[in-house]
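K.L.:
structure, please.
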Amino acid sequence: MNGADMNSYYFKDDGIIPNNPDLPVMVYKGVLRDEPLEAESIFNQNGWLNSWKNGVFSYHHYHSISHEVLGVVSGLAVLQLGGERGRKIDVSAGDVVVLPAGTGHKKISSSADFSVVGAYPDGMDYNVCTGEPDERPRVLQEIEKVPLPGTDPLYGFSGPLMDAWKPARKGK
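P.N.:
Numbering: from 1, shown residues only. Now for the predicted structure:
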């Protein structure tokens, strides 16, 4: 794996998308630049399982029962994180994004060959929530109960995710 530029972003609840104000989204730029097709294998080796390969929905959605890692295996895209008032980020093959439970994300645009691999800590199940008003009380409780992962999807028991989410780890 390459050394990566690391960015982290916090998103507050916007009234529609709950986000996760206690845990930052982690963006590892170019970390798998030389081996983007190995993303799934690397995630699985580090305990992020229940993996899949596809794209990213073009509507705001989030997962209330699991954190998620996305590894860009081909192409490029603009993703919007954190809901309608969130942040747009450019991603390309070799980038990895770790989304805390509750964090809104959607694809704004992409190249025709854009593809990602997704996975979840310890192979947790996931759901797809879209910010409908009747979801709200239930999903807020579910997000609060999602355990912190025991590993970073790229670096295992150490790594940037473990350091960035450590303050929240003390409270869980």
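K.L.:
only C-alpha atoms for contact and neighbour calcs from this point on.
P.N.:
OK.
K.L.:
gap between the spatially most central residue of the chain and Asp34?
P.N.:
Nearest to the mean C-alpha position of the chain, counting by C-alpha atoms, centre = their mean, stands Leu99 at 2.5 Å. According to C-alpha to C-alpha, to the nearest Å, Leu99 and Asp34 sit 23 Å apart.
K.L.:
pull the contacting residues for the residue nearest to the centre of the chain.
P.N.:
Each residue near Leu99 by C-alpha atoms under 8 Å, 6 or more residues apart in numbering is listed here: Pro24, Val25, Met26, His67, Glu68, Val69.
K.L.:
the third one should be in a strand, yeah?
P.N.:
By that I understand Met26. Yes - judged by DSSP: H, G, I helix; E, B strand; the rest coil, Met26 forms part of a strand.
K.L.:
how about it: which residues does it bridge to?
P.N.:
Beta-bridge partners for Met26, by DSSP bridges, are Ser8, Val98.
K.L.:
ok, it to Ser8 distance?
P.N.:
Distance from Met26 to Ser8, counting by C-alpha to C-alpha: 5 Å.
K.L.:
have a look at the two and say which one is more surrounded.
P.N.:
Neighbour count, other C-alpha atoms under 10 Å: between Met26 and Ser8, Met26 has more, with 21 against 15.
K.L.:
returning to that earlier point: distance to Asp125 and pLDDT added to the contacts of Leu99, as CSV?
P.N.:
Listed next are the contacts of Leu99 as CSV, based on distance: C-alpha to C-alpha, whole Å; pLDDT from 0 to 100:
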residue, distance to Asp125, pLDDT
Pro24, 21, 97
Val25, 20, 98
Met26, 21, 97
His67, 10, 98
Glu68, 10, 98
Val69, 13, 98
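K.L.:
buried among the residues you listed? Make that a PyMOL selection.
P.N.:
A single PyMOL command selects the buried members of the contacts of Leu99 (16 or more other C-alpha atoms under 10 Å):
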select buried, resi 24+25+26+67+68+69
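K.L.:
and the contacts of Leu99, which is closest to Gly150?
P.N.:
The closest of these to Gly150 turns out to be His67 (C-alpha to C-alpha; 11.7 Å).
K.L.:
OK, contacts around that closest one?
P.N.:
Neighbouring residues of His67 by C-alpha under 8 Å, 6+ apart: Val98, Leu99, Pro100, Ala101, Gly102, Tyr120, Pro121, Val146.
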